[in-house]
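Q: Any chance you could fold what I've pasted below:
(chains A and B)
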Amino acid sequence: MTFAETLDTEPEPVAQGQNAVLRGRYRIDLARRLDFLGSGANMVVQASDSQDPSAEYFAVISSPYSLLRQRLAERMSESLIPGMVELMARGVVPFSETDSRYVSVFDMVRGGPFFNAANGPVTEKQIFDQVLPPVTQCLAALHKVKLTHRGIRADNLFFADEARQEILLGESITSAPGADQPMVYEPLESAMAHPMARGEGVPADDIYAVGVLIVHLLGGALPAADMSADEIFDGKINNGSFAFLTDSMTLSQRVSDLLAGLLQDDPRVRWSAEMLVNWRDTIKDTPRRGRGDRRGFSKLSFGEEEYNSPRLLGQAMRAKPMAAAELLKNGQLAKWVKSSLRDEEITTKISYIKMSAAGAPSGQKRNATTAVAQATHLLDPDGPFWFDGVVFSLGGVGSLLLWAFQEDDMELKKTLSELFESGMLINIVADESGGGKGRRFDWISEAELLSCMEHMRRKKDPGFGLERCLYQLNPLTPCLSPIVSGYYVRNVRDFIEVAEKKLISANGQANPFDRHAAGFIAARTRGIDKFLQPPSGSAPGSAAHALIELKLFARLQSGTHPVPLPGFCRWAEELLRPVFGMIMSRLRREVVNQRFQIAKKSGSLIEVLQATDIERQLAADAREYQGALATAANADRMVAYLAGATEQRRHEAAHYGGWITSVLAITSLVTSMVFSALYFIG
Amino acid sequence: MAKEARQIVGGTDGKAGKNLALFWVLVLSGLGLVFAPPSMLILMAGMIPSLVAILLKTERTGALAAMLAFNLAGVIPVIGILWERGQTFNEAFKLLSDVYMWLAMFGGAGIAVFLAWAVPVVVFSAYELQAKANIARLEKQRSKLIEEWGGQFVTDMKEYSQR
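A: Below you'll find the model as predicted:
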């Protein structure tokens, strides 16, 4: 069972009381599933209102790996978006003592889905009278505040009422933007991106989706359903989206005009929501139809094909990066761009990439990948970014990273690690921002990319690496550490609370400081990085690392959750057991352990740290150990010396004995002389 | 070279000192024979053990000096008795025929011989006792250190000693 699978378990049965109730009002009924409203990893169930028994709601229970679109959700909470299901409430709901999930409650779409392929095509009249008005109203409201829906598709249209008269757009806040969209609904800019990495996009993306929606509804089936993504992309570029999607359809003039405006391939020329609302009044001339991509004056041979579309060439180069690197290296690409596209700026940049790749000292494959990534981005600057087989919109890096962790895709994680480390995205975002084009508002910021690069640079340290990037780029993602598995932990305070419960139940045997927990805490707590700096040369599992963990949680306890934490203290005991074992002095070890046991009772990690004073004790112990070694070695030397110095002692005894005898002799002589003199003369 | 030179100088000094002492002994003996021949008779007879010791050329100069001193200490009272009775050859011979006088004179030399043998033995025994006590104390200290610092300490101590 993978880590992702562990977290994606079904909620436990609902207990009585306040469980399964959101904001004390909306009861989530897990037994009544509404699968027709579900998508992705989320689960949709019925909900009821304790204050209004007649009201009907549906609740989306988010997977921890689902991206929550905060800005859109906030807007929906603040005011009713016309033409879109109403968001009633959202928040974390406890389902049991050991299970809590993030739930979004929406007003029920009582009439069910609008479109059913089995019922055949939708009439033009229905589209103009029932579908377009709510959709255009919704988009106008969202685009006005620079928000996008990114979920406009046939199976996300519902009848709001049981009479099936009013149509509403479904929600799109509980999954990554555009993640549930069929590829054909995506414009050329994001079509080839990973579904989880399409990014927030721009309003023009929604308009394009409306165009495809109309084709879908009129045709009664998903357009180009039998084609692969590459075929759809080629078709759209070679023929233009309008021609490609409506080729086999008979359209009225007004639908044709409408679709020409909506399916325009150039997002700058594509209609806006405002134009769509009043198109019949404002659009006098037949809109110009999109022609896919711009064309070069001549073709460039690459692989077995010839290309005059830079986008298609870029796509082909991404498929064969080593051949693309060769194309770049031999100068043919720069030559073609200069002669065929006549773009001096791109030619200069490609030449520079070629020289940089040629001058790079090592890492042949990586250099080739980087050079191809940069070159293909120049060929398709509005399109998704490619790096070593991964294609993503620059605004979708966060959700792609989340996906990589959900799937536990090691290859994808490795690629993203290399990407962040390379700093290439920073150059591209900086280049785009400084090039006078203006930065797309949905892009990831330079500051975020810079911090990710820094986190990857210190990837071996706890609290850094790809996990830190994950939480940095997805500020609403709950902690995915196994210690809080089953709980929707969105802040450090909750983390401490939940981890405390787990540690108490596991008698301190769990680990609250795995890479996810460390990354989460570091990303959600300001100024915590200094507590994560291990002493140079200290290995994981060393006393230094154990102290980092203990100090970090002590800091968090004092800063965010100042209540006794007996579970953490029990964990600290397990953590410090090997550290205590490092104290060589039996007496000191006993004293420190005794102090720890007393401090543990307080439930305060700070007190534990102060009482044990491990660093000082370890330093003193090491110092005294060296002293003891010196003393013992000296004693050994002395014993050996004394044992082997018998002859020397004998010699010294003879010498000293002789001296004593001499003294005695002189004394006796003097005494004899004095007494004789006194006796005979006196 | 310098050491050799010092040894040569030292050797020369020692020889000169001995010669000087011998010179004075001969002068004093000559004077004694002229001015107090009976006393010199007693002295020469009493100092026989010392003369024997000198003739044996023992290496232990300290022992020789002790012998001389003790021997002389035994002879001086006999000379004092001679001077008290009148310094004549007759009295000198009388004294030399008295076994107690010989005991007094040679007894001093005997004590010297005994002390020269016994004192170093006693001192050596004291040294041995002291060394054994020190060894016991150091081994006890070592045991206490091992008990305090654990088994690893023994290994580390060996490594430390080998540095």
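Q: Check the offset of stretch A:69-76 from the chain's centre.
A: Remark: stretch A:69-76 is offset 20 Å from the chain centroid, using CA atoms, centre = their mean, to the nearest Å.
Q: avg pLDDT for that stretch?
A: Mean pLDDT, computed over stretch A:69-76, is 94.
Q: Point me to the residue of chain B nearest chain A.
A: Residue of chain B nearest chain A, by CB to the nearest CB: B:Pro120 (2.9 Å). All C-beta spots, glycine's among them, are computed from the backbone N, C-alpha and C.
Q: give the contact list for the residue in chain A positioned nearest to chain B.
A: Residue nearest to chain B within chain A (CB to the nearest CB): A:Gly657, separated by 2.9 Å. A:Gly657 makes contacts with B:116, B:119-124, as judged by CB atoms under 8 Å, 6 or more residues apart in numbering or on different chains.
Q: Neighbour-wise, give me the winner out of the residues you listed.
A: Among the contacts of A:Gly657, B:Ala116 has the most neighbours (other CB atoms under 10 Å in any protein chain shown), with 26 neighbours.
Q: on that earlier part again, excluding its backbone neighbours, what's nearest the residue of chain B closest to chain A?
A: The shortest distance from B:Pro120 to any non-neighbouring residue, by CB to CB, 6 or more residues apart in numbering or on different chains, is to A:Gly657 (2.9 Å).
Q: returning to that earlier point: the residue of chain A closest to chain B belongs to a helix?
A: Yes. Inclusion of A:Gly657 in a helix is indicated when DSSP: H, G, I helix; E, B strand; the rest coil is applied.
Q: May I ask you to confirm that the residue of chain B closest to chain A belongs to a strand?
A: No. Using three-state DSSP, the assignment for B:Pro120 is helix, not a strand.
Q: Contact partners for it?
A: Residues near B:Pro120 by CB under 8 Å, 6+ apart: A:653-654, A:656-658.
Q: Format those as TSV; extra columns: pLDDT and distance to A:Phe115.
A: What follows is the contacts of B:Pro120, written out as TSV (pLDDT from 0 to 100; distance: CB to CB, whole Å):
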residue	pLDDT	distance to A:Phe115
A:Ala653	92	117
A:Ala654	89	120
A:Tyr656	91	118
A:Gly657	91	122
A:Gly658	88	124
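Q: Next, the contact list for the residue nearest the centre of chain B, please.
A: Nearest to the geometric centre of chain B sits B:Ala63, at 2.4 Å (CA atoms, centre = their mean). Residues near B:Ala63 by CB under 8 Å, 6+ apart: A:658, A:661, B:53, B:112, B:116.
Q: burial count for the second one?
A: The burial count assigned to A:Thr661 is 28, neighbours taken as other CB under 10 Å.
Q: repeat for the fourth one
A: Here the neighbour count serves as a burial measure; for B:Ala112 (other CB under 10 Å) it reads 29.
Q: Skipping its backbone neighbours, what lies nearest it in space?
A: Here the residue nearest B:Ala112, using CB to CB, 6+ apart, is B:Phe70, at 3.6 Å.
Q: do the last one as well
A: With sequence-adjacent residues excluded and distances taken as CB to CB, 6+ apart, B:Ala116 is closest to B:Ala63, at 4.2 Å.
Q: Point me to the helix or strand that includes the one you found.
A: Following DSSP states H and E, one finds B:Ala63 within helix B:61-85.
Q: again, but for A:Leu416
A: Using DSSP H and E, A:Leu416 maps to helix A:410-422.
Q: follow-up on the earlier one: can you name the two of the contacts of B:Pro120 that sit furthest apart?
A: Using CB to CB, those span at most 9.4 Å, a distance reached by A:Ala653 and A:Gly658.
Q: would you list every one of the helices in chain B?
A: Ranges of helices within chain B are B:2-35, B:37-46, B:48-56, B:61-85, B:89-96, B:99-149, B:152-162, based on DSSP state H.
Q: Buried deepest among these, which one?
A: Using mean count of other CB atoms under 10 Å in any protein chain shown, the stretch among the helices of chain B with the largest mean neighbour count is helix B:61-85, at a mean of 22.
Q: for chain A, which residue is closest to the average position?
A: Short answer for chain A (CA atoms, centre = their mean): A:Leu470, at 1.6 Å.
Q: what's near enough to touch that one?
A: The contact partners of A:Leu470, by CB under 8 Å, 6+ apart, come to A:398, A:401-402, A:405, A:477, A:480, A:519.
Q: ok, 7 Å please
A: A:401-402, A:405, A:477, A:519 (CB atoms under 7 Å, 6 or more residues apart in numbering or on different chains).
Q: just how off-centre is the helix or strand harbouring it within its chain?
A: Assigned by DSSP H and E, A:Leu470 belongs to helix A:466-473. Put simply, helix A:466-473 sits 4 Å off its chain's centre (CA atoms, centre = their mean).
Q: Restricting to C-alpha, output it in PDB.
A: Extracted in PDB, the C-alpha atoms of helix A:466-473 (Å, rounded to 0.1, in the frame of the first residue of the first chain):
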ATOM      1  CA  LEU A 466      10.900  18.600  -2.500                       C
ATOM      2  CA  GLU A 467       8.500  18.200   0.400                       C
ATOM      3  CA  ARG A 468       9.200  21.800   1.400                       C
ATOM      4  CA  CYS A 469       8.500  22.900  -2.100                       C
ATOM      5  CA  LEU A 470       5.300  21.000  -2.100                       C
ATOM      6  CA  TYR A 471       3.900  22.800   0.900                       C
ATOM      7  CA  GLN A 472       5.400  26.100  -0.200                       C
ATOM      8  CA  LEU A 473       3.700  26.000  -3.600                       C
END
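Q: model confidence over it, on average?
A: Mean predicted confidence for helix A:466-473 is 94.
Q: Please apply the same query to stretch A:378-389.
A: 89.
Q: and it, how far apart are its ends?
A: One end of stretch A:378-389 sits 17 Å from the other (CA to CA, to the nearest Å).
Q: Surely B:Leu68 touches B:Ser50?
A: Yes. If you go by CB atoms under 7 Å, B:Leu68 and B:Ser50 touch, sitting 5.0 Å apart.
Q: pLDDT at residue 98, what is it?
A: No chain in the question, so chain A it is. For A:Thr98, the predicted pLDDT is 76.
Q: meant chain B actually
A: So B:Asp98 comes in at 93 (pLDDT).
Q: Could you list the low-pLDDT ranges of chain A?
A: Applying pLDDT under 70 to chain A flags residues A:1-18, A:358-366, A:433-443, A:535-537, A:682.
Q: Near chain B, which residues of it? Just list them.
A: Within chain A, the positions adjacent to chain B are A:584-587, A:625, A:628-629, A:631-633, A:635-636, A:638-639, A:642-643, A:649-650, A:652-654, A:656-662, A:664-666, A:668-669, A:672-673, A:676, A:679-680 by CB under 7 Å from any CB of the partner chain.
Q: Next, the contact list for the residue lying closest to B:Gln141 once chain neighbours are set aside, please.
A: For B:Gln141, ignoring the flanking residues on the chain, the nearest one in space by CB to CB, 6+ apart is A:Ala635 at 5.4 Å. Residues near A:Ala635 by CB under 7 Å, 6+ apart: B:138, B:141-142.
Q: Would you reformat these as JSON lines and include pLDDT?
A: Shown next, in JSON lines, are these (pLDDT from 0 to 100):
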{"residue": "B:Leu138", "pLDDT": "94"}
{"residue": "B:Gln141", "pLDDT": "92"}
{"residue": "B:Arg142", "pLDDT": "90"}
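Q: And these, which is closest to A:Glu344?
A: Taking CB to CB as the measure, B:Arg142 is the one of these closest to A:Glu344, at 84.8 Å.
Q: Can you tell me the element the residue lying closest to the closest one once chain neighbours are set aside falls in?
A: In space, and not counting its chain neighbours, B:Arg142 is closest to A:Ala635: 5.0 Å by CB to CB, 6+ apart. A:Ala635 belongs to helix A:614-643 when elements are defined using DSSP H and E.
Q: tell me which residues in that helix are buried?
A: A:614, A:617-618, A:621, A:624-625, A:628-629, A:631-633, A:635-636, A:638-639, A:642 (16 or more other CB atoms under 10 Å in any protein chain shown).
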